[in-house]
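Colleague: I'll drop the sequence and a predicted model, then ask my questions.
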Amino acid sequence: MNQAIVGMNKKMSKISWCWKQKNGFEIIEPNTNLSNAYLIEARTTLKKIVQDGNRTNYDKWDLIMSYYSCYNALYSILMKAGIKCELHSCTIEMMKFIESFTDEDYEFLMNLKDKRIDVQYYLKDYKINENQIKKVKLFVHKCEVILNKTDLSKLRGELDGTKK
């Protein structure tokens with residue numbers, strides 16, 4: 001079977017699953033105010049991570065805040081598009097519908113989510129490093145660009161078209 005078809009089937013399978021879940025996808029009225037609030041939260045969280053300048057001793061809380069900074073920046077896009085989702089893995093899955101995001105962006109955020117879960121719930125000893133902090137900054141910035149330069153009604157329509 002063609003790799004593109006396999007990839008599309010896998011993407012649609014996850015999206016279908018998300019539609020069926022309580023607190024999964026819900027089409028709502030686009031909400032610019034809430035979108036802005038999530039973006040402000042993302043920026044504020046990012047500032048808390050980098051406020052100490054050139055640190056080399058990031059701890060688990062910096063990793064957790066890094067994840068939420070990225071997640072809130074992504075969620076601001078969904079709020080502006082009128083897409084509500086309270087399941088983090090489903091929210092992240094929406095990146096596959098936004099052309100500006102790459103597979104690397106998706107993998108970065110999924111990996112950050114997994115590490116956040118490990119340090120927060122299983123007390124694993126992962127630490128974030130300066131290179132990852134730079135990626136967090138770039139991710140938040142990319143979300144801001146998408147918010148300002150992308151017709152998000154297409155995203156809403158594309159997702160709504162997957163509902164069964």
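Modeller: Okay, I see it. Numbering: from 1, shown residues only.

Colleague: use CA for all of it now, contacts and neighbours both
Modeller: OK.

Colleague: ok, and the helix or strand in the chain with the lowest average confidence?
Modeller: helix 3-20 (a mean of 70; mean pLDDT, DSSP states H and E).

Colleague: Check the offset of the very next helix or strand once past that helix from the chain's centre.
Modeller: Using DSSP states H and E, the helix or strand that follows helix 3-20 in sequence is strand 26-27. Offset of strand 26-27 from its chain centre (Cα atoms, centre = their mean, to the nearest Å): 17 Å.

Colleague: Run me through the strand neighbours of strand 26-27, direction for each.
Modeller: strand 83-84 (antiparallel) (DSSP bridges).

Colleague: outside of the partner strand, which residues touch it?
Modeller: Residues from elsewhere that reach strand 83-84 (Cα atoms under 8 Å, 6 or more residues apart in numbering): Gly24, Phe25, Glu26, Ile27, Ile28, Glu29, Pro30, Leu78, Arg156.

Colleague: Drop anything exposed from the residues you listed.
Modeller: Gly24, Phe25, Glu26, Ile27, Pro30, Leu78, Arg156 (16 or more other Cα atoms under 10 Å).

Colleague: how about a markdown table for these, with pLDDT added?
Modeller: Formatted as a markdown table, those follow (pLDDT from 0 to 100):
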| residue | pLDDT |
| --- | --- |
| Gly24 | 93 |
| Phe25 | 94 |
| Glu26 | 94 |
| Ile27 | 95 |
| Pro30 | 97 |
| Leu78 | 98 |
| Arg156 | 87 |
